[in-house]
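Asker: whatever this is, show me its structure:
(chains A and B)
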Amino acid sequence: GAVVSQHPSRVICKSGTSVKIECRSLDFQATTMFWYRQFPKQSLMLMATSNEGSKATYEQGVEKDKFLINHASLTLSTLTVTSAHPEDSSFYICSARRTVSGNTIYFGEGSWLTVV
Amino acid sequence: QKEVEQDPGPLSVPEGAIVSLNCTYSNSAFQYFMWYRQYSRKGPELLMYTYSSGNKEDGRFTAQVDKSSKYISLFIRDSQPSDSATYLCAMSALQGAQKLVFGQGTRLTINP
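Answerer: Okay, here's the model as predicted:
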């Protein structure tokens, strides 16, 4: 089946630094990928839609300068959390849309970010 | 009012029981309906995908969509301890099932 890989699965960074999370579709091409944020015991909140070769579309309330998204190829999207603060600590999950066989969306395993 | 409402539970049932999970929604434009299973500290795993109204069965899982009532369900037959997880409903109005709107998720525990 389709597989979406995220890296790193866990990362701890110091406050004020930047951290990059990668999302890869391993066996299909994804022109569209999505980035979500999930706080403990809460549902997924869409942050932005990442489109290959163009600028990402951010949801209302999400700072585009803080959460930089790059979708440079059909299999890779990256989320960079810039100048991280402790309140950015969360579970970040990406998903990729597989256009073949029904436009199904598959999720990555998620990345735990802890800012200390 | 949230676009998608889902009882967060927790829901605890004995092994072998039939589990019923439900979501209601307010946006009549939703056409694509999905159920995801999420284990603790893991990404969601797609279980069922349904377009418009009707039933869909896959093994022990059955998904139902009633657009007239804006109500979707997931049934799990012969529930097993390995089914213990959080179940998220998700839906979209857009072609290609983009911009999913998720329910809060229901925490389910199957007791041996």
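
Asker: going forward, measure contacts and count neighbours with C-alpha atoms only.
Answerer: OK.

Asker: can you pull the residues of chain A lying near chain B?
Answerer: Applying CA under 8 Å from any CA of the partner chain, we find that chain A lies next to chain B at A:34, A:42-46, A:49, A:93, A:97, A:99, A:102-110.

Asker: quick one, which of those residues are buried?
Answerer: Among the residues of chain A next to chain B, those classed as buried by 16 or more other CA atoms under 10 Å in any protein chain shown are A:34, A:43-46, A:49, A:93, A:97, A:99, A:104-110.

Asker: lowest-confidence entry in these?
Answerer: Ranked by pLDDT, these bottom out at A:Thr99, which scores 72.

Asker: ok, back up a step: max pairwise distance over the buried ones among the residues of chain A next to chain B: which two?
Answerer: Across those, the two members that end up farthest from each other (CA to CA) are A:Ser43 and A:Thr99, 24.8 Å apart.

Asker: which residues in chain B form strands?
Answerer: B:4-5, B:11-14, B:19-25, B:32-38, B:45-51, B:54-58, B:61-66, B:71-76, B:85-92, B:101-102, B:106-111 (DSSP state E).

Asker: which residues are in contact with stretch B:30-37?
Answerer: B:44-52, B:65, B:74, B:85-94, B:97 (CA atoms under 8 Å, 6 or more residues apart in numbering or on different chains).

Asker: please indicate which of those are buried?
Answerer: B:44-51, B:65, B:74, B:85-93, B:97.

Asker: out of those, which are close to chain A?
Answerer: B:44-46, B:49, B:88, B:97.

Asker: circling back to that earlier point, dump the strands of chain B to a markdown table, plus distance to A:Glu59.
Answerer: Below are the strands of chain B laid out as a markdown table (distance: least, CA to CA, whole Å):
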| stretch | distance to A:Glu59 |
| --- | --- |
| strand B:4-5 | 17 |
| strand B:11-14 | 32 |
| strand B:19-25 | 20 |
| strand B:32-38 | 20 |
| strand B:45-51 | 23 |
| strand B:54-58 | 31 |
| strand B:61-66 | 28 |
| strand B:71-76 | 26 |
| strand B:85-92 | 15 |
| strand B:101-102 | 12 |
| strand B:106-111 | 25 |
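
Asker: which ones are touching the one residue in chain B that gets nearest to chain A?
Answerer: For chain B, the residue closest to chain A is B:Gly43, as judged by CA to the nearest CA, at 4.0 Å. For B:Gly43, the contact set (CA under 8 Å, 6+ apart) comprises A:93, A:107-110.
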